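Asker: Below are the sequence and a predicted model; questions follow.
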Amino acid sequence: MGILDTVGEIAGAVAAVEAAEKVDPDAGLLTKGIAAVAGFKGAGALESLVEKKEDESSEQASDTDNAAPQA
């Protein structure tokens with residue numbers, strides 16, 4: 001899902017720039033650029049964390065399903 005990851009990262013960057021403009025309407029180009037990079041990286045990290053948690057929960061579910069019944 002490479003394209004969806006990229007779209008999520010771009011959405012994070014746009015949201016971060018919008019937030020920076022709301023906090024400081026006179027924000028300069030450097031501030032907006034830093035906000036965009038932080039939003040891009042933050043969204044990517046968040047997606048990775050969610051994927052990791054989903055993988056861990058699916059592994060735990062399969063471990064539980066594969067456990068031998070106790071007599």
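Answerer: Received, thanks.

Asker: Show me what the mean pLDDT comes to for stretch 14-33.
Answerer: Per-residue pLDDT over stretch 14-33 has a mean of 93.

Asker: First-to-last residue distance for it?
Answerer: Start-to-end span of stretch 14-33 (Cα to Cα, to the nearest Å) is 10 Å.

Asker: from the chain's centre, how far out does it sit?
Answerer: Remark: stretch 14-33 is offset 20 Å from the chain centroid, using Cα atoms, centre = their mean, to the nearest Å.

Asker: One more: stretch 50-67?
Answerer: Distance of stretch 50-67 from the chain centroid (Cα atoms, centre = their mean) equals 20 Å.

Asker: Check stretch 30-42 too.
Answerer: Counting by Cα atoms, centre = their mean, stretch 30-42 is centred 14 Å from the centre of its parent chain.

Asker: Then stretch 7-24?
Answerer: Computed by Cα atoms, centre = their mean, the separation of stretch 7-24 from the middle of its chain amounts to 13 Å.

Asker: Noted, bye for now.
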